[in-house]
Structures are given as structure tokens and as C-alpha cells.
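In: After the sequence you'll find the predicted model.
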Amino acid sequence: MSGVGAWIRYGDPISAAQIDFAAEHYRAAILQPWELEAAAELKERRPDMTVLCYKCLSSTRSYEPGPLYSSGVSYAEADQEWFARRTTGERVEWERYPGHWQMTVWSSDYRARWVDNVTAELTDSPFDGVMADNDVFDDYYGLNLPLREAGSMAELREGLDALVHAAGGALNEVGKVLVPNIAESRRQPGRWDAHASYGGGFEEVWLGYSPTDLFDPDTTEAQLPQATGPGLSILRVPTDGNDDHPNFRYGLAAFWIFGAGRGAYSATGHDDYNHTQHVAELDWDLGAPLQDPVRRGHTWSREFTGGWAAVNFNRDGRRRRRLKVPPGMIDAHGDPVGSHLVLAPHRGQVLRRA
């Protein structure tokens, strides 16, 4: 059995039981770069699984002992040259993430070293490629620009754009993919397609920022083209860490309606990348679409050869929607579903054919 799930797993050490579960239930996995044995085992047991190693584009971490690092340039290697500095000369440590230090992504020398290091590390690796984190759009980490050599976030974005293209091209040349964590691509037309063109893209805040801060319909619908690629789209919806949280099925329904089962999907708590998140519907294959997405205001549905999905993007509690369900559908418990169902705002439903 394997479904559409993505295992985002760069936290505590991995257990054998988690490897067993992942091999059975996930389509894609993101691991730490030193978890080579886990990557090799997953690829042996599931050659079709895309297994990526984590690398940060924007920072280096002072607490990692090595010899493999979650950054492209280690803390020791960065030395004095590639640390971003405030106008007063101090290095820039990220707010809320102690030991994470901003790098000079606007420096062509830094970018070249990042690409050389990561390409050399991945060339003979069991990993299929890299999930490149912190392809940032705005100031999320208290950089408080201007910095000594960068006056605006636009300059950081230009540096990251150059780094993504250089790294993606180099990794593709050695048979590996690059899947950046592309922040807020909806705010810059063409950014998702450009940065995902080397193997795919990762959207860490799909449909909302937090379990209780979900996007309004217009913002949500601006994200939906991410579900169709290019490459492997990994879409993560925020929950409180509980698999029974309604956001899990809300995002999964949207994943099917707009991606038709392409890519991989996850739902986790904030920075909660230690577990094997799962609901029964994550393993389902709804088959081929029988129609394009059907819209009624900000409520959408789609029928497939093996099932049906519906989602209500409205945020106003009064905007409940009654939807007609195709005949012969059952829920996750195997119980038949009637001819209609009512979806509350920010809720989704995935059903399969009996």
C-alpha cells in the first residue's frame, strides 16, 4: 500500500518502525542529509519514492558537528566571509531559531560554494535530490534590513533566485532534483514555475499559516496552481499536530481537486517534523478525473473514477454549502454516504467509490 503522502521528517532520530511505516504509506520523504542509511533503505524498499535531503539556502547552523550539514556551507567554512552583518558589524542570528546565522546569499562566491558543496555531496548519494529550505520572500527571521551589503529583501530574493537556478542546473546535470521551499510565490507571478523547474517545489504553508489562521478564499485560490507542478509539488497544510485535525482532510481534498493526485501531501503542526502523520484517506487512489474542478462560488468539487472530493474555501461561518454527492460513495469507515452532504467553511471531504 502507498498513497499520496509526503513524510517531512527532519527532526529527532528516525526509528525502524517509522521506516517501516513510511515505506508502506508515503510517496515522498524529506530527511536530514546525514540520514543516509534511512534514505538507502527507503529507496531499496520503494524505488518509486522520491527521497530528498534537507539543505538550507539562506543560513548556516553553529550547533551541527558534521561532517554532513543541513546547510550548503558549514559554520566553520563560512568563517568571516559569508556571514551577513548588520550595519554595525554584528552577525545576524535568526529570531526564534538560535544558532541559525544568515548567509550572504547576494554573494556570487557564497552561491558558487553552496552549489559545489551540495552537488559533490549528492553525486553518489542514495538521495534523489535536495529539498532546499528558506527560499524566502519576506523577512521572517528578524533580519531587520538594511544589512551591511543588502539594503532590501528584493536583493536577498535576487540572490536566492540566482542560487536556485545555479543549484538546480548543477544537480540536474548529476541526475538529481532540486525542490525549493518556495515562500509566498503567489505574490510574484511566475516565481513558483521558475523555482520548481528543476524537479519540483515545496509549499510549507498551503491554504494557511497556522491551524487557526487559514487563508481567505482569494489568497487560497491564488495558491492552487502549485498543485499542478512543474515537477513534484509537495504541499503541507498546518494542523495542531493531531491527525484528526480537520485541516488534514481540508487540504487533502484540495490536493485531489486541483492536483488530481499528482505530487505529495502532508499535514503537520508547526515545525513538527518528527512523526508519521497519517489518515486513512492519505492511502487512497481516487483514480483518473472524470471532470474538471467544478466551482460554486468558493466551493469546489471533482469526481474521479475511484472517488470524489469537495472543499469549501469560505471563511465566514455562515457560508455552509450543501453539495450533491455522486452515487455509490463511502467514507473512511466504509459507511455509505447519502446523496448530499453539508460542508462548513474551511472544511473538505474525500470519499471513495464502493
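Out: Noted; the coordinates are in hand. Numbers count the residues shown, from 1 in each chain.
In: Please enumerate the helices of the chain.
Out: Assigned by DSSP state H, the helices in the chain fall at 16-25, 36-45, 75-78, 108-122, 153-173, 191-195, 217-223, 246-259.
In: ok, now how distant is the one residue sitting closest to the centre of the chain from residue 126?
Out: Residue closest to the average C-alpha location in the chain (CA atoms, centre = their mean): residue 202, at 3.3 Å. Residue 202 sits 20 Å away from residue 126, going by CB to CB, to the nearest Å. Placement of C-beta: from N, CA and C, glycine included.
In: and residue 278, what does it touch?
Out: Shown in contact with residue 278 (CB atoms under 8 Å, 6 or more residues apart in numbering): 5, 21, 25, 243.
In: again, only using 6 Å
Out: Residue 278 makes contact with residue 25, according to CB atoms under 6 Å, 6 or more residues apart in numbering.
In: quick one: it from residue 338, how far?
Out: 27 Å.
In: For this structure, list the residue farthest from the centre, please.
Out: No residue in the chain sits farther from the centre than residue 88, which is 35.7 Å out by CA atoms, centre = their mean.
In: how about the strands of the stretch 51-200 of the chain, start to end?
Out: Secondary structure of the stretch 51-200 of the chain (DSSP state E, counting those that start in this stretch): strands located at 59-61, 100-102, 129-135, 177-182, 200-203.
In: which strands and helices sit next to the longest one?
Out: Using 3 or more CB pairs under 6 Å, 6 or more residues apart in numbering; DSSP states H and E as the contact criterion, the elements in contact with strand 129-135 are strand 50-56, strand 177-182.
In: Kindly recompute the last result at 7 Å.
Out: With contacts taken as 3 or more CB pairs under 7 Å, 6 or more residues apart in numbering; DSSP states H and E, strand 129-135 sits against strand 50-56, helix 108-122, helix 153-173, strand 177-182.
In: how about the third one: buried residues?
Out: Within helix 153-173, the residues that qualify as buried are 155-157, 159-161, 163-168, 170-172, counting by 16 or more other CB atoms under 10 Å.
In: now do the second one
Out: By neighbour count with 16+ other CB under 10 Å, helix 108-122 contains the buried residues 110, 111, 113, 114, 115, 117, 118, 119, 121, 122.
In: Do I have it right that the third one meets residue 78?
Out: What it means is residue 113. No: if you go by CB atoms under 7 Å, residue 113 and residue 78 don't touch, sitting 8.8 Å apart.
In: Measure how buried residue 102 is and give me the count.
Out: 24 (other CB atoms under 10 Å).
In: give me every residue that touches it.
Out: 58, 59, 84, 92, 94, 143 (CB atoms under 7 Å, 6 or more residues apart in numbering).
In: give the contact list for the last one.
Out: Taking CB under 7 Å, 6+ apart as the definition of contact, the neighbours of residue 143 are 92, 102.
In: so what pLDDT did it get?
Out: Note for residue 143: predicted pLDDT of 97.
In: Could you do the first one as well?
Out: The predicted structure scores residue 58 at 98 on the pLDDT scale.
In: for the fifth one, same thing?
Out: Per-residue pLDDT puts residue 94 at 98.
In: pretty sure it is touching residue 141, no?
Out: Yes: counting by CB under 7 Å, residue 141 is a contact partner of residue 94 at 3.8 Å.
In: can you pull the pLDDT of residue 2?
Out: Residue 2 carries a pLDDT value of 74.
In: re earlier: now the buried residues of helix 108-122 in TSV, with pLDDT and distance to residue 260?
Out: Listed next are those as TSV, based on pLDDT from 0 to 100; distance: CB to CB, whole Å:
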residue	pLDDT	distance to residue 260
110	98	39
111	98	36
113	97	40
114	98	35
115	98	34
117	98	37
118	98	32
119	98	33
121	98	35
122	98	30
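In: I'd like those as TSV, with distance to residue 196 appended.
Out: Output for the buried residues of helix 108-122, formatted as TSV (distance: CB to CB, whole Å):
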residue	distance to residue 196
110	23
111	19
113	24
114	19
115	18
117	22
118	18
119	19
121	22
122	18
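In: Pull the distance from stretch 137-155 to the chain's centre.
Out: Offset of stretch 137-155 from its chain centre (CA atoms, centre = their mean, to the nearest Å): 23 Å.
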